[in-house]
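> have a look at this prediction, sequence included:
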Amino acid sequence: MTSHVITRLASTTLLVTVLAGLPAPAGAATSGYTPEQVCGSGFGIVTGGAQPVTDHTNSLRGHVYLLHNAHTGEHCAVTIKSSFVGTPTVTRATLLVQGNSVFGPAVYEDQGAFKYYAGPVKARAKGRCVTFKGMISSRRADAGASAYGIQAFGGWTTYGDCGMQGMRQRANPR
């Protein structure tokens, strides 16, 4: 082999090695969990209950889900990360039940430094409207209050799924 061919092979090998060590793009990661797995047996995603969680640049960081169990009458919210997967970053799942309290909606929330998802957050809401929200941050819990990082939000902006548990059509019927 000529020195030119050897140099070219060495350059190609170096490039492949460097590229193999690069992290995957933010949207390419997956947590390996489904909302049905997180919420448990009998839960199905309600119509419109799969919402993107995006940051200020509209980059997808995960999804927040609203599920319902017809047998128990419970709703369940879960936020599943597609960015920062495997790293414990501040992640939140919130479920609000309208008319459950004289002081406003009843708020059920799970927030912490999670590697894959926040939730499940469950509540009975028979005959009441619900809404759900999710948040995914790049900030680690130990980073301190001044380290904001990326914050992404998603969910419904209004209440829905109002007392229609027996009549609703599901996004993914079982």
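It's in.
> if I look at the residue nearest to residue 71 when sequence neighbours are not counted, how far off is residue 50?
Leaving aside its chain neighbours, residue 71 sits nearest to residue 42 (5.3 Å; criterion: Cβ to Cβ, 6 or more residues apart in numbering). For glycine as for every other residue, the C-beta is placed from the backbone atoms N, C-alpha and C. The gap separating residue 42 from residue 50 is 18 Å, by Cβ to Cβ, to the nearest Å.
> go on, residue 80?
To residue 50, residue 80 is 10 Å away according to Cβ to Cβ.
> neighbour count for these two, which is higher?
A count of neighbours by other Cβ atoms under 10 Å puts residue 80 above the other of residue 80 and residue 50, at 28 against 17.
> average pLDDT for whichever strand or helix holds the more buried one, rounded please.
Following DSSP states H and E, the helix or strand that holds residue 80 is strand 74-81. For strand 74-81, the mean pLDDT works out to 98.
> name the strands paired with it and say parallel or antiparallel.
Partners of strand 74-81 in the sheet, by DSSP bridges, are strand 60-69 (antiparallel), strand 117-124 (antiparallel).
> please identify the deepest-packed of those.
Highest mean neighbour count of the strands paired with strand 74-81: strand 60-69, a mean of 25 (counted as mean count of other Cβ atoms under 10 Å).
> mind listing the strands for this protein?
Under the criterion DSSP state E, strands of the chain are mapped to 43-54, 60-69, 74-81, 89-97, 106-114, 117-124, 130-140, 151-155.
> just the CA atoms of the third one, as CSV, please.
Only the C-alpha atoms of strand 74-81 are listed here, as CSV (Å, rounded to 0.1, in the frame of the first residue of the first chain):
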residue,chain,number,x,y,z
GLU,A,74,-59.2,7.0,37.8
HIS,A,75,-57.2,9.4,35.6
CYS,A,76,-53.5,9.2,35.4
ALA,A,77,-50.9,11.7,34.2
VAL,A,78,-47.3,10.8,33.3
THR,A,79,-44.4,12.8,31.6
ILE,A,80,-42.0,10.7,29.7
LYS,A,81,-38.6,12.1,28.6
